[in-house]
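> Here is a sequence with its predicted model. Questions after.
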Amino acid sequence: MPGSYAFDPRAAPVLRGDERTVKILIAGHFAAGKTTLVQGLSQIPPLSTEEVMTSAGVGTDHTHLADKTTTTVAMDFGRLSLSEDLVLYLFGAPGQERFFPVLCDLAYGALGAIVLTDTRHLDETYPILELVERLSLPYMVAVNAFDEAPVHPMERLREVMALAPETPLVTCDARDTASTKSALITLMRHLRTLASEPSR
């Protein structure tokens, strides 16, 4: 059950020698740009589990992008050093509903999540947001700036996604490392703020 994966602040960060390692989940709907984001941020050759989509996926996986021929079936993995003693492990989860159990497994032990979305398919983001919230995982939302995607006021996006006032909402370009690093820093600042708040 998703509840068994609830965020536990005592579990992170993990100390390894002089390093602190933090696990970050990258979630989002199908074709939101999660693999691109992990590849752009990772300082090591990222691990990817992309497989070619076949006719067997018709009616199960979304096929609204004619030029998308592969999909993540397990995870993307990358590593990024934020400082000399702080290392982030990035776990990108597949976005299709049939892979939600994989997302739940990847969320275990994560400190927080970036939920990536495309404004052309906001309706596909809602189940991801609901699942991340059920996992009690702190998160932020990053709107991936696809060239063809419509641009909406951030206040309107926050409203339609029913985001809490304290949940960060930013725009980023998953193809641009500086942009994705900025989004990641926003998440880390959000997590730091949550950690500094007194326990209720």
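Yep, that arrived.
> Report the distance from stretch 22-41 to the chain centre.
Its chain's C-alpha centre and that of stretch 22-41 lie 5 Å apart, by C-alpha atoms, centre = their mean, to the nearest Å.
> switch to numbering from 390
OK, 390 is where the count begins now, so the last one is stretch 411-430.
> So what would you say the end-to-end distance of it is?
15 Å (C-alpha to C-alpha, to the nearest Å).
> what residue ranges in the protein score low on pLDDT?
For the chain, applying pLDDT under 70 flags the ranges 390-407, 438-463, 588-589.
> so the residue minimising distance to the centre of it bridges to which residues?
By C-alpha atoms, centre = their mean, the chain has its centre lying nearest to residue 415, at 2.2 Å. When bridges are called by DSSP bridges, residue 415 pairs up with residue 481, residue 503.
> Pretty sure it sits against residue 502.
Yes. Using C-beta atoms under 8 Å as the test, residue 415 is close enough to residue 502 to be in contact (7.2 Å). Bear in mind the C-beta positions are built from the backbone N, C-alpha and C, glycine included.
> ok, which stretches of the chain are helices?
Under the criterion DSSP state H, the chain contains helices at 423-430, 489-496, 514-523, 543-549, 566-585.
> which residues sit in contact with the residue nearest to the centre of the chain?
In this structure, residue 415 makes contact with 423, 426, 427, 465, 479, 480, 481, 482, 502, 503, 505, judged by C-beta atoms under 8 Å, 6 or more residues apart in numbering.
> could you redo the last one with a cut-off of 7 Å?
Shown in contact with residue 415 (C-beta atoms under 7 Å, 6 or more residues apart in numbering): 423, 426, 427, 479, 480, 481, 482, 503, 505.
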